[in-house]
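Student: give me a 3D structure for the following:
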Amino acid sequence: MKYKENTIKSKITWEWLGGFFDGEGYAGFHSVSTYMYYKKRKDGTRTIKPYICKPRIDINIAQKDTRILKRIKKFLGYGYVGKIQWQCNSTIGRNFLKTILPYLKTPHKRQQVIKILKLDKKNIKPRKG
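Tutor: As a prediction, the model looks like this:
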């Protein structure tokens, strides 16, 4: 379905984006595994480095009309627009969820975002150094 020009030209606000994310958005929290590799020691033997799982937030907004996704990216100033979705993850995803939370209206989406932020807070570890 093509959007009318006046819809495309309307100004994006956090309230509008909250409603759009309620209907078209996805927020997830999962672990990303890095690959296993061998580290060669000075004596010639090898050490196996195990998989490292890092928790990560993933945010997607799917829409066939990429003009809207590009406007969302321009409004936010971050993210990536692919063929049919806008996406971001990690720290940017966390900041997006914290900002959009007050504008979400559907109870299911609000609970989903709250749960993801709690899981993320639990898994954030301070940096060394």
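Student: give the contact list for Asn89.
Tutor: By C-beta atoms under 8 Å, 6 or more residues apart in numbering, Asn89 lies in contact with 56-59. For the C-beta atoms, the positions are set from N, CA and C on the backbone; glycine is no exception.
Student: where are the low-confidence patches of the protein?
Tutor: Residue ranges of the chain with pLDDT under 70: 1-9, 32-39, 48-53, 124-129.
Student: what's the longest helix in it?
Tutor: Secondary structure of the chain per DSSP state H: the longest helix is helix 107-123.
Student: tell me how far it is from the chain's mean position?
Tutor: Its chain's average C-alpha position is 13 Å from that of helix 107-123, according to C-alpha atoms, centre = their mean, to the nearest Å.
Student: where exactly do the strands run in the chain?
Tutor: Using DSSP state E, the strands of the chain run over 25-33, 37-40, 46-49, 53-62, 80-81, 85-89.
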